[in-house]
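# Any chance you can model this:
(chains A and B)
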Amino acid sequence: MAEITESFFSADGLEKRLNGKKFWKVMMTEYWIPKDINFLWAMGVVLATTFALLIISGIFLLMYYKPDTALAFDSVNYTIMQEVAYGWLFRHMHGVAASVVFLIIYIHMFTGIYYGSYKKGREMIWISGMLLFVAFSAEGFSGYMLPWGQMSYWAAAVITNLFAGGSLEAYGLVEWIRGGFAVGDATLTRFFMLHVFLLPLIIIKLIVIHFYTLRIPHINNQSSEDIDYDAEAEKYLAGNKKESKVVPFWPVFLSKDFAVLGLFLLFYFYLVFFNYNFAMDPVNFDPANPMKTPAHIYPEWYFLWSYETLRGPFFDILGMRAGDIGLIIFALAQGIFLIFPFLDRDPDILPAHKRPKFFIWFWVLIIDLVVLSIYGKLPPTGANAWVGFYATTVFLLLWISLPFITKSDAKARGAL
Amino acid sequence: MREFKIFIIVAFFTGILYWGVEPFAHTQLHPHVEAPDYTFKDVEGLKDIIGSAKVGAEIVATNCTACHSISIVGIPPPMNDASSASIYGVVPPDLSTSGKLYDANYLAAFIKDPASATLTQHKFKNGASHPMPSYNWMQPQEIADIVAYLQSIAPKEITNKEVFAHACQRCHSIKYGDFYGGTMAATTPDANIKSYMGMIPPDLSQHIRSRSEQYLHEFINNPQKHLKGTAMPRVGLTLESENQVIEYLTEVGESKKAERESLGAPFLGYLVIFAIFAWLWKIKIWRQVH
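So this is what the prediction gives:
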């Protein structure tokens, strides 16, 4: 270790000890980003900002929220919404950001899928990202319970009940999760703990891992070109900024992110002030009532597609109970995206429009997810049930066909 | 140009998804019902008979005040709320403002046969009868006289809170109306109202958020349309009174609505400035590399 003799209390001494300039270089001014990108590459910073908004608004809410079934509803809807100065603003910001963050996560995810940014060294980026998705889902679900409204209660009842595993009847597990035979005070308090402590901790840790996994392999670009980063960085540093295929994270990449962020924040705060019901379901402004089931129970919009795969098989097939089949597909839907890099058998990194069959696969998936989401909210009766069934079938077939389709694209290109 | 195309695609799918899970889903989840009818066409009302307030005063004195108070003319309630609730099931209304709150034709039909006017006949079967007896033995002229009298004593102006107190609060609490004082609790005790209505009617503190204004109008005007078989009576509010009820629900349940609406525009204005500067900075920086 180099012994540092400069005073601790001097700027020079501090710099010697912290190596701030080196850190700034590695993380910012000499962290190279491909130049050939579009606004979809700004979603990471948009997500980080939204997460920051969630934390800040969450801290303010935490000062007045009371995790007790007798007090929770009024602490949110009276104390925070009516009494605390700008409490309503923080609650709207929190509720809307919790919803919008999933829109951005989905855009971020499908950008990765479209441009093939999950293979040949980028698997860890993808996997850490999907773990973040899972953690955010748990965070969203646990937070939804806190206002202790009708949807809070009934969503908690329905979702915790899934852990019984259908015909497995693992009710001991369900009780263990709930802290009782029914969703109640113990359930609320533990989900409060998860929401404000354990899950944010996990999310922050996963974000750090996610950043770490992408710092070394470098991010993908629009044409999926393989860039020699050392050579291009040298060009840039030598002053050939226009010829170089890369730009530094700061200030070039971030300047574009901030431009996109400006538009995003306009969109987001428009929703916060003027169009928030999509994120703060009116039904949840009825206090939780275990004796009265709401006419329709549905999750928030971002869980609808997977919820619909649960409801999709509504009749027994080959002696298997409909509920069990649904549960298996639902479980599969939660985990399948995680192994995406291993289902794609195409060895090349290419955008979807250069992989003809995969291109079709991609858009069918998007359309299928939209259909599943829309029908996931409607009552599963009559024709709706059949649309749900077929959309679920398409969803399954898409995943089964993915390895073959990607392989076939590669063969046609001569890569295999 | 390419970025713009990508943006259009993202916006398109986001838009379809939003449309599907919000406006479209709501049309499917909440079936459309006919618009509210504030003329109460279905009831046999006054049939254009002109009543006499003077005669009405006498009829009311001999027929109504055994149960009803009329505080505006100094007639006190015959007993306290708890006692009357235990006798009738629900506290009988004070009649001071009835002539103002309720539609005249509806009021006439109500006096004649309360269960059919309130659309709650299904509640009074097998010997059970509406706590207020039918006055179908009265002449239409006498009923018109009662209505004329009630209209003559009613105040011309009435606050939103008073409308709520007189039209709704005998059954419904609205806790947030007086969170610490508790004066906005239902006047009928819980135990009585529960046996009378089959359940404790919901506290209305957050109904302005949990229901749309349109739903509230449709529901109050005729509860059976959205909730077939509900024990809640049609109370016959005029459009003006119903608007006042909804204004009161807003004052209580959405007390920061005005602040939210006025803060929205300047807040977004600030962000427009931020977005412009961010965009200009981006152009300046990227000019060096393109």
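# residue ranges of the helices in the stretch 51-200 of chain A, please?
Taking DSSP state H, counting those that start in this stretch, the helices of the stretch 51-200 of chain A run over residues A:72-74, A:87-115, A:123-145, A:150-161, A:171-178, A:185-193, A:199-215.
# Whichever residue of the stretch 301-416 of chain A sits closest to chain B: what's it in contact with?
Of all residues in the stretch 301-416 of chain A, the one sitting closest to chain B is residue A:374 (3.3 Å; CB to the nearest CB). No exception for glycine: its C-beta is placed from N, CA and C like everyone else's. Residue A:374 makes contacts with A:304, B:17, B:20-21, B:24-25, as judged by CB atoms under 8 Å, 6 or more residues apart in numbering or on different chains.
# Could you say which helix or strand holds the nearest residue to residue A:347 once chain neighbours are set aside?
Spatially, and ignoring its direct neighbours in sequence, residue A:347 is nearest to residue A:415 (5.7 Å; CB to CB, 6 or more residues apart in numbering or on different chains). Assigned by DSSP states H and E, residue A:415 belongs to no helix or strand.
# how does chain A divide into domains?
Listed by automatic domain parsing, the domain ranges of chain A are A:1-30, A:39-218+A:251-297, A:307-416.
# rank these by pLDDT, which is bottom?
When mean pLDDT is averaged over each of the domains of chain A, domain A:1-30 scores lowest at a mean of 92.
# ok, is that domain in contact with chain B or not?
No - counting by CB under 8 Å from any CB of the partner chain, no contacts exist between domain A:1-30 and chain B, the nearest distance being 12.9 Å.
# The lengthiest helix in chain B packs against which elements?
The helix that spans the most residues within chain B, counting by DSSP state H, is helix B:257-287. Applying 3 or more CB pairs under 8 Å, 6 or more residues apart in numbering or on different chains; DSSP states H and E, one finds that helix B:257-287 contacts helix A:87-115, helix A:254-274.
# right, and the helices of the stretch 51-200 of chain A - which one's nearest residue B:282?
Counting by CB to CB, residue B:282 lies closest to helix A:87-115 out of the helices of the stretch 51-200 of chain A; the figure is 19.2 Å.
# chain center to the closest one: distance?
Per CA atoms, centre = their mean, to the nearest Å, the displacement of helix A:87-115 from the mean C-alpha position of its chain is 8 Å.
# wait, does it contact chain B?
Yes - using CB under 8 Å from any CB, helix A:87-115 reaches chain B at A:88-89, A:92, A:103, A:107.
# what packs against that helix?
helix A:43-62, helix A:123-145, helix A:254-274, helix A:356-377, helix B:257-287.
# now the angle between helix A:254-274 and the longest one, please.
Here helix B:257-287 points in a direction 170 degrees away from that of helix A:254-274 (axes from the mean of the first three to the mean of the last three CA atoms, to 10 degrees).
# again with the shortest one
Inter-element angle recorded for helix A:43-62 and helix A:254-274: 40 degrees (by the same axes, to 10 degrees).
# Okay, buried residues for helix A:43-62 please.
For helix A:43-62, burial by neighbour count (16 or more other CB atoms under 10 Å in any protein chain shown) applies to A:43-47, A:49-51, A:53-54, A:57-58, A:60-61.
# which of those lies closest to chain B?
residue A:43 (10.1 Å).
# my guess is that closest one meets residue A:109, correct?
No - Residue A:43 is beyond contact range of residue A:109, at 9.2 Å (criterion: CB atoms under 8 Å).
# Let me see the ranges of the helices in the stretch 101-250 of chain B.
For the stretch 101-250 of chain B, applying DSSP H, counting those that start in this stretch gives helices covering B:104-112, B:114-117, B:140-153, B:160-167, B:190-197, B:207-210, B:213-221, B:223-226, B:239-253.
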